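>>> okay, predicted coordinates and the sequence, questions at the end:
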Amino acid sequence: MITGITGQDGRYLAELLNSKGYEVFGLVKGQNNPRVELIGQELPFVELVSGDLQDLPSLVAALEQTQPHEVYNLAAISFVALSFKQAELTANVTGLGVLRMLEAIRMAGGSQNNPIRFYQASSSEMFGKVRETPQRETTPFYPRSPYGVAKVFGHDITVNYRDSYGLYACSGILFNHESPRRGLEFVTRKITNAVARIKLGLQDTLVLGDLEPRRDWGFAGDYVQAMWQMLQRDEPEDFVIATGKTHRVRDFVAAAFTHAGIEDWERHVTQDPRFFRPAEVDLLVGDATKAHEKLGWKPEVDFDQLVAMMVDNDIEVESRKAGLA
Ligand code: NDP
Ligand code: GDR
């Protein structure tokens with residue numbers, strides 16, 4: 001069972017599990033949720049089950065209904081900028097939601113030899129303010145946003161339930177990963193979508209916030225492989241998943257414009273304080289040595305390939321929407 005099935009990672013993970021012969025259930029929230037319809041069209045093999053991370057009884061019912069062997073908890077308020085504006089909601093969903101899911105698993109699976117394996121989507125945002133680089137499993141956390149703080153709670157409570165109740169529970173500390181399925185609110189997709197529209201003459205300017213932060217950007221399709229691998233081991237452990245390479249936001253902008261064949265990208269980009277954050281994470285770069293050694297995991301798609309994939313996809317999507325293709 002995957003929570004967050006309508007998100008970027010949920011969809012890649014569902015495809016991966018389906019390719020391995022799994023029966024895949026996806027937890028969906030709300031009523032008349034337009035993103036749920038998308039799942040019906042894009043991933044018809046997914047069986048949908050109703051539930052919300054804010055509602056423990058709905059999680060218990062979902063587990064009773066689906067009887068899963070593996071639960072991937074990908075649902076969250078995941079947009080850092082939103083977490084500053086809706087901090088309590090973020091704490092409730094992204095933080096306490098993990099506790100609710102762990103409790104539901106305890107109730108559904110029993111206290112002895114609980115058969116349900118649990119994956120928690122932890123984040124490099126937990127590292128926050130730079131304490132050491134590259135960041136690894138042992139690097140101390142110093143979150144810089146309500147989102148990061150909530151993720152630290154989710155991470156720590158997952159460790160605590162593993163230690164206290166012997167649950168097979170582990171966290172992947174994933175660094176930023178992107179794809180053509182990335183939401184338009186995140187900087188990479190915001191950039192590639194704007195570059196596509198500028199290329200097609202549909203837009204002139206891209207308005208961004210801080211261009212200096214550095215991120216370790218990988219491809220989401222590679223990262224869901226690591227999630228699955230973590231749940232196939234004899235013992236549950238936590239892993240950093242990252243490429244080990246870091247780029248500034250401005251490097252991503254330059255690479256996207258260059259790939260689209262547009263020179264003088266500065267002419268098209270302006271900055272607006274609206275898109276700056278009250279506290280920023282300046283530098284993320286991960287050390288995934290443990291994942292290389294124990295999972296045999298390595299990323300396949302590099303930075304330039306990722307940028308190219310996203311720009312090409314957005315040119316196609318925007319051409320189609322504008323009736324140009
Ligand atoms: P998305 O923002 O694309 O997806 C978030 C998902 O959470 C959506 O399916 C959304 O459903 C669901 N959701 C939100 N609130 C609730 C709720 N109350 N109950 C149930 N479901 C809810 O995230 P990604 O796919 O990018 O990320 C997956 C996970 O990994 C998240 O937890 C994120 O924080 C974490 N992460 C992501 C990284 C990245 O770079 N992508 C890096 C590290 C961690 P709906 O469509 O109905 O709103
Ligand atoms: P991040 O991703 O905060 O790292 O969290 P995001 O793409 O939102 O920001 C990356 C960096 O770009 C800067 N930035 C802007 N960001 C956005 N969204 N929009 C802008 O206009 C803009 N201009 C500059 C940001 O300040 C930031 O430094 C993502 C999410 O997927 C989290 O859920 C996940 O846990 C982390 O990655 C790892």
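Yep, that arrived. Numbering: from 1, shown residues only. Ligands and ions are numbered 1, 2, ... in the order given.
>>> around ligand 2, which positions in the stretch 101-250 of the chain sit nearby?
123-125, 175-176, 185-188, 190, 208-210, 213, 215, 249 (Cβ under 6 Å from any ligand atom). Just so you know, the C-beta spots here come from the backbone N, C-alpha and C atoms, and that holds for glycine as well.
>>> just after the helix or strand bottoming out on mean pLDDT in the chain, pick out the following helix or strand.
Least confident element among the helices and strands of the chain, by mean pLDDT, DSSP states H and E: helix 34-42 (a mean of 92). Per DSSP states H and E, the first helix or strand lying C-terminal to helix 34-42 is strand 47-50.
>>> helices and strands around whatever helix or strand comes next after that following strand, which ones?
Downstream of strand 47-50, the first helix or strand assigned by DSSP H and E is helix 56-66. Counting by 3 or more Cβ pairs under 8 Å, 6 or more residues apart in numbering; DSSP states H and E, the packing neighbours recorded for helix 56-66 are strand 25-28, strand 47-50, helix 97-109.
>>> so what's the residue in the chain that ligand 1 sits nearest to up against?
Closest contact between the chain and ligand 1, by Cβ to the nearest ligand atom, is at residue 7 (2.1 Å). Contact analysis of residue 7 by Cβ atoms under 8 Å, 6 or more residues apart in numbering lists 74-75, 78, 183.
>>> burial of residue 41, as a residue count?
Applying other Cβ atoms under 10 Å, we find 7 residues neighbouring residue 41.
>>> now it: how far from ligand 2?
24 Å (Cβ to the nearest ligand atom, to the nearest Å).
>>> quick one on the thing from earlier: now the residue of the chain closest to ligand 1: how far from residue 24?
Going from residue 7 to residue 24 by Cβ to Cβ, to the nearest Å gives 14 Å.
>>> for residue 14, same thing?
5 Å.
>>> name the residues contacting each of those two.
2, 43, 45-46.
>>> what ranges do the helices span in this structure?
Assigned by DSSP state H, the helices in the chain fall at 8-19, 34-42, 56-66, 80-85, 87-90, 97-109, 146-165, 187-199, 220-230, 249-259, 289-295, 303-321.
>>> tell me if the fifth one is near ligand 2.
No. When contact is scored as Cβ under 6 Å from any ligand atom, no part of helix 87-90 falls within range of ligand 2; the minimum is 10.5 Å.
>>> give me the phi and psi angles of the residue of the chain closest to ligand 1.
phi -80, psi -180 (degrees, to the nearest 10).
>>> for the contacts of residue 7, which one is nearest residue 308?
residue 183 (19.8 Å; Cβ to Cβ).
>>> can you pick out the most distant pair from the residues of the stretch 101-250 of the chain next to ligand 2?
123 and 208 (21.6 Å).
>>> which one's more surrounded, these two?
Set residue 123 next to residue 208 and count neighbours by other Cβ under 10 Å: residue 123 wins out with 26 against 18.
>>> which one of the helices of the chain has the poorest average confidence?
Lowest mean pLDDT within those: helix 34-42, at a mean of 92.
>>> helices and strands around that helix, which ones?
strand 25-28, strand 47-50.
>>> the contacts of residue 7, buried ones only, as a PyMOL selection?
The PyMOL selection below is limited to those of the contacts of residue 7 classed as buried (16 or more other Cβ atoms under 10 Å):
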select buried, resi 74+75+78
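>>> so can I have JSON lines of the contacts of residue 7 showing distance to residue 141 and pLDDT?
Below are those laid out as JSON lines (distance: Cβ to Cβ, whole Å; pLDDT from 0 to 100):
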{"residue": "74", "distance to residue 141": "20", "pLDDT": "99"}
{"residue": "75", "distance to residue 141": "21", "pLDDT": "98"}
{"residue": "78", "distance to residue 141": "18", "pLDDT": "98"}
{"residue": "183", "distance to residue 141": "25", "pLDDT": "98"}
